[in-house]
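> Take this sequence and fold it.
(2 chains, ligands or ions: 1)
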Amino acid sequence: MYKLDSILKRVEKPARYIGNEINAVHKDNHVGCNFAFAFPDTYEIGMSYTGLQILYNILNKEDDIWCQRVFAPARDMEEIMRNENIPLFALESKMNVKDMDIIGFTLQYEMSYTNILNMLDLAGIPLLREERDDSFPLVIAGGPCAFNPEPLADFIDVFLIGDGEELLPELCELYVEYKGKGKDAFLGAVSRLQGVYVPKLYEISYDENGFITSEFKPVLRAIVDDLDKVDFPTKPLVPLSDVVHDRAIVESFRGCTRGCRFCQAGMIYRPIRERSKDNIINIAKSEIENTGHDELSLLSLSTSDYSDFKGLALGLLDYCSANNVALSLPSLRLDSFSFEVLNEIQKYKKSGLTFAVEAGSQRLRDVINKGITEDDIYEAVSKAIDLGWRNVKLYFMIGLPGETYEDLDGIANIAKHILDIKREKNGGKLGKFNVTVSVSNFVPKAFTPFQWLGQNTAKEFEEKHNYLASQLYVKGITFNYHDNKTSELEALLARGDRRVGKILLNAYKLGAKMDSWSEHFDPELWHKAAQLAGLSIDFYTSRERDVNEALPWDIIDCGVSKAYLLSEYEKSKKALTTHDCRLSCTGCGMNRYTECKWGGCNE
Amino acid sequence: MSKYLIKFNKLSYAKYISHLDMNRMFRRIIRASGIKLSYSQGYNPHPKMNFAQPLPLAYEGYNEMLMIECDEFYETDFIEKALSERMPLGFEILSCVEMDQDIKSLAAIANYSNYTLFIPGEYTVEDVAGYLNQAEIKALKRMKKTKEYAWVDIKDKILAFELLEGKDEIQRSPFSLKADSRAESILSPELVIQSFLNYLNKEIPREEIDVERNEVALLKSVDKF
Ligand code: SF4
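Okay, the predicted model is just below:
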């Protein structure tokens, strides 16, 4: 205690290492399973992540489990920890992570992978699973990036694929049951649970050209059939220091069936599963009562797709205005009701109006199956201007399949047309009005119809950015874009096979860390790491894959069939669209494993 | 309208929660308890609560004081219990009493504070006497307005400074300090630590020294009669 105490006096924002936030759980560590929930980024980012709150609550409900938190220490803290041999500790008890039973990493974005290695190293745990004997904690990982687990397969003992609410406690229970029987016995047993992938049990072979030759029965993801049957935290942790999002959150539903072809979340979280309206409102109330938060937000992939959105919004609005709680409803589709609601909740402070347009022409939007038209946008913008909004944000992707420079012109034209609408309404003057165009680089992700596509090279991205910058150099338009170099790395880690783990390890040893923070990111180092591993980055990133090629993530079954992804891929080539399956089932294959309650609900 | 004085301890790791963060924490906990604070008037209304004196980061605090104002009346037992149930580890609610309506803020009636300092090393009563008997006790202080450091004489603001008997569990010498805390002449213990070690020609890394505030004494009683 004294040693840590003297360190905390020397670091910035010591409050993020002390683990006694409101609603933090403290137990006696003589439990069957001491679980370290590890978020491979800083406290401020990790504490804003709802998945942590959900699993922290579910695990700590069990008497025999104590789930504690671990984050990546900030630079100054890490330096002191390394110099003075302070191993990575869990926030709540300050016990060494190395002395705990299980360390579970959440994989939210690929750029955090080097932090995982760094945290294991700080904990004094060997990075490679082969080098860890039974005396070390079990290292597990889950989250959206676990759908292609292979780049991390050399480091992680067990991957949990899919919904964690039921699976994670089950794994912990089994862990306790197998204590003393050896890790291998446990791995064998746990591998029989739905959603569990144990890389040790799979040997991967390649042909002389580097293509995967091994075939396996894939691991089906874990699926929670009914969200009302799993707990959502009504006593969430309330951080005491500043974090990115500091508000009460209720997940309204999981999954999205609009079927955008670039979107991984839209595939891997199928089918739609809604929490009941009463349940959502009750959770919101108790959360506010248990935390003292004065802001409430809903979490889902598209708020207004909730089947009884009107009822839900009005119910929440009633409660919030009676209790001085600010309601925020992200990613609304802007129909007239949404405007009414927005106008009500943003009465005084109108934040920006956001549109995910994604592509600059109707043809390309059809290719990606993004069902939004320019008329939709202009109509909504026009209404918004009348109601007093002054900021419009447009999100686009570049590097989409079949994209031409005309599509890029389309991006600029949409932004300019919005300025024209404002001018027209404002006697020819723009006044205080701004359109922000944010462009991100398309990364073809696993389990999307675009999984076979190659990514644009860093050079192609750069040319497109420069072109767009020249087109968007207009008064009233702000242009933002993503770093090109991190996109390549993101694709490498998102699309890599097991061998990419060697690149990752090399890069880490060469000093890669906190790659998600662009000021820390050094692309050269990654190229060198690939060279040392004798691998080509392009093989994984910019190369288009044959539809018959074995994919690294074929080892996983996300529930949506490969045949469906393929048919969507073929349709995209003809710019044919597919409707939302709330109108009628479009045959993605998910109903082989669970009931699609909301499939065809809008028939 | 009712005013309440809440006394609490802020110990152990809770000492790393900054004053600003603690302020927000209390606001949330009070809100969660169903206690409605009064709000100030004006463009940017803020809830009416104030502390006797900010406790510097990494100081443990005993008998810290928070004053709140509410439009409604609440039983003091209710406030005490509701807050107690919700305080994070390291905080203890000691008491809640109704206050005299005339008191505007605690800071305005702060008088002096008692601190205990824990400093590594061996010291004698003579060290302390010699230090206190200097004609002037000079310390380098960062000025609020200019943000620049300047030498100031703190002699008058040290109301008492004594070496205590014994050692703490890691063999540091304890000292008691009674320091001026009036709004216009407040003294930070940091200046005493700095000038004392300077006087003895000692250099000790700041992180090896700990400070506790034992109480802030007020100029008058705040109890409602
Ligand atoms: S099986 Fe049909 S209804 Fe179910 S998610 Fe897939 S497309 Fe939608």
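> In space, what's closest to the most centrally placed residue in chain B - neighbours in sequence excluded?
Against the mean C-alpha coordinate of chain B, by C-alpha atoms, centre = their mean, the closest residue is B:Leu55 at 4.2 Å. Leaving out its chain neighbours, the residue that sits closest to B:Leu55 by C-beta to C-beta, 6 or more residues apart in numbering or on different chains is B:Gly61, at 4.5 Å. Where C-beta positions appear, they are placed from N, C-alpha and C, glycine not excepted.
> Isn't that neighbour up against B:Lys7?
No. Counting by C-beta atoms under 8 Å, B:Gly61 stays clear of B:Lys7, with 10.3 Å between them.
> Out of those two, name the residue with the larger neighbour count.
With neighbours defined as other C-beta atoms under 10 Å in any protein chain shown, B:Gly61 and B:Lys7 compare such that B:Gly61 has more, 26 against 18.
> The more buried one bridge partners, please.
Applying DSSP bridges to B:Gly61 gives these bridge partners: B:Lys10, B:Arg213.
> Please name the residues that touch it.
B:Asn9, B:Lys10, B:Leu11, B:Lys15, B:Leu55, B:Glu212, B:Arg213 (C-beta atoms under 8 Å, 6 or more residues apart in numbering or on different chains).
> Tell me how far it lies from chain A.
15 Å (C-beta to the nearest C-beta, to the nearest Å).
> ok, now B:Leu106?
Applying C-beta to the nearest C-beta to B:Leu106 and chain A gives a distance of 22 Å.
> and the contacts of B:Gly61, which are buried?
B:Asn9, B:Lys10, B:Lys15, B:Leu55, B:Glu212, B:Arg213 (16 or more other C-beta atoms under 10 Å in any protein chain shown).
> Tell me if I'm right that the third one and B:Phe91 touch.
No. The pair B:Lys15 and B:Phe91 does not pass the contact test of C-beta under 8 Å, sitting 10.4 Å apart.
> What parts of chain A come near chain B?
By the rule C-beta under 8 Å from any C-beta of the partner chain, the part of chain A lying against chain B is A:2, A:5-10, A:14-15, A:17-22, A:24, A:26, A:238, A:240-242, A:288-294.
> Write the PyMOL selection for whichever of those are buried.
Buried members of the residues of chain A next to chain B, defined by 16+ other C-beta under 10 Å, are picked up in PyMOL with:
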select buried, chain A and resi 5+6+7+8+9+14+15+17+18+19+20+21+22+24+238+240+241+242+288+289+290+291+292+293+294
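> mind checking the SS state of the residue nearest to the centre of chain B?
coil (DSSP: H, G, I helix; E, B strand; the rest coil).
> so what's it up against?
B:Lys10, B:Lys15, B:His19, B:Gly61, B:Glu64, B:Arg213.
> Relative to the ligand, which residue of chain B is the closest?
B:Ala32 (39.3 Å; C-beta to the nearest ligand atom).
> Quick check, the residue in the stretch 401-550 of chain A closest to chain B?
A:Lys432 (20.2 Å; C-beta to the nearest C-beta).
> which residues of the stretch 251-400 of chain A score low on pLDDT?
Within the stretch 251-400 of chain A, the segments meeting pLDDT under 70 span A:347-350.
> same deal with chain B?
Using pLDDT under 70, the flagged stretches of chain B are B:225.
> Burial check on the residue of chain B closest to the ligand, number of neighbours?
21.
> which one is it nearest to, not counting chain neighbours?
Using C-beta to C-beta, 6+ apart, the closest residue to B:Ala32 is A:Gly292 (3.5 Å).
> sorry, back to before: so which of the buried ones among the contacts of B:Gly61 is the closest to A:Pro151?
Comparing these against A:Pro151 with C-beta to C-beta places B:Lys15 closest, at 42.0 Å.
> wouldn't A:Pro199 be in contact with A:Ile161 here?
No. Using C-beta under 8 Å, A:Pro199 is not in contact with A:Ile161; the gap is 11.9 Å.
> where do the contact lists of these two overlap?
A:Pro149.
> Neighbour count: those two, which is higher?
Comparing A:Pro199 with A:Ile161 by neighbour count (other C-beta under 10 Å), the higher total belongs to A:Ile161, at 28 against 22.
> I'd like to know how far the closest residue to the more buried one other than its chain neighbours sits from A:Cys558.
Leaving aside its chain neighbours, A:Ile161 sits nearest to A:Arg221 (4.5 Å; criterion: C-beta to C-beta, 6+ apart). Between A:Arg221 and A:Cys558 the computed distance is 5 Å (C-beta to C-beta, to the nearest Å).
> The two: who's more crowded?
A:Cys558 (27 against 24).
> mind listing the strands for chain B?
B:2-10, B:49-51, B:60-70, B:91-98, B:110-120, B:138-142, B:149-153, B:158-163, B:172-180, B:210-218 (DSSP state E).
> Up against chain A, what does chain B have?
So chain B meets chain A at B:13-14, B:16-18, B:21-22, B:24-25, B:27-34, B:57-58, B:86, B:88-90, B:170, B:206-208, B:210 (C-beta under 8 Å from any C-beta).
> Could you identify the buried members of those?
B:13-14, B:16-18, B:21-22, B:24-25, B:27-33, B:57-58, B:86, B:88-90, B:208, B:210.
> sorry, back to before: was I right to think the residue of the stretch 401-550 of chain A closest to chain B contacts A:Asn391?
No. Using C-beta under 8 Å as the test, A:Lys432 is too far from A:Asn391 to be in contact (9.3 Å).
> Looking at the two, which is more packed in?
A:Asn391 (16 against 9).
> Quick check: most distant residue from the centroid of the chain.
Just going to use chain A. Most peripheral residue of chain A (C-alpha atoms, centre = their mean): A:Gly427, 43.7 Å.
> try chain B instead
B:Tyr43 (30.6 Å).
> Okay, that one and B:Lys104: tell me how far apart.
On the measure of C-beta to C-beta, B:Tyr43 and B:Lys104 end up 21 Å apart.
> List the contacts of A:Tyr473.
Counted by C-beta under 8 Å, 6+ apart, A:Tyr473 has contacts A:Phe479.
> Then A:Gly143?
A:Gly51, A:Phe105, A:Thr106, A:Leu107, A:Gln108.
> Kindly tell me how buried residue 132 is, as a neighbour count.
Defaulting to chain A. 18.
> right idea, wrong chain: chain B
So B:Leu132, with other C-beta under 10 Å, has 15 neighbours.
> which residues touch it?
B:Lys155, B:Ile158, B:Phe161.
> Serialize these to a markdown table and add fields for neighbour count.
Output for the contacts of B:Leu132, formatted as a markdown table (neighbours: other C-beta atoms under 10 Å in any protein chain shown):
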| residue | neighbour count |
| --- | --- |
| B:Lys155 | 15 |
| B:Ile158 | 20 |
| B:Phe161 | 20 |
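> Pick the one among these closest to A:Met77.
For those, the nearest to A:Met77 is B:Phe161 (34.5 Å; C-beta to C-beta).
> show me what contacts the residue nearest to the closest one when sequence neighbours are not counted?
Spatial nearest neighbour of B:Phe161, chain neighbours left out: B:Leu177 (5.2 Å); criterion: C-beta to C-beta, 6+ apart. If a contact means C-beta under 8 Å, 6+ apart, then B:Leu177 has B:Asn114, B:Tyr115, B:Thr116, B:Leu117, B:Ile158, B:Ala160, B:Phe161, B:Pro189, B:Val192 as its contacts.
> Next: A:Met100.
A:Asn34, A:Phe35, A:Ala36, A:Gln68, A:Ala90, A:Pro137.
> Chain B versus that one, what's the distance?
Counting by C-beta to the nearest C-beta, the separation of A:Met100 from chain B is 19 Å.
> What about that residue? Give its phi and psi, please.
phi -90, psi 170 (degrees, to the nearest 10).
> Now it. Nearest residue, chain neighbours left out?
A:Asn34 (4.1 Å).
> and the one you found, what element?
strand A:33-39 (DSSP states H and E).
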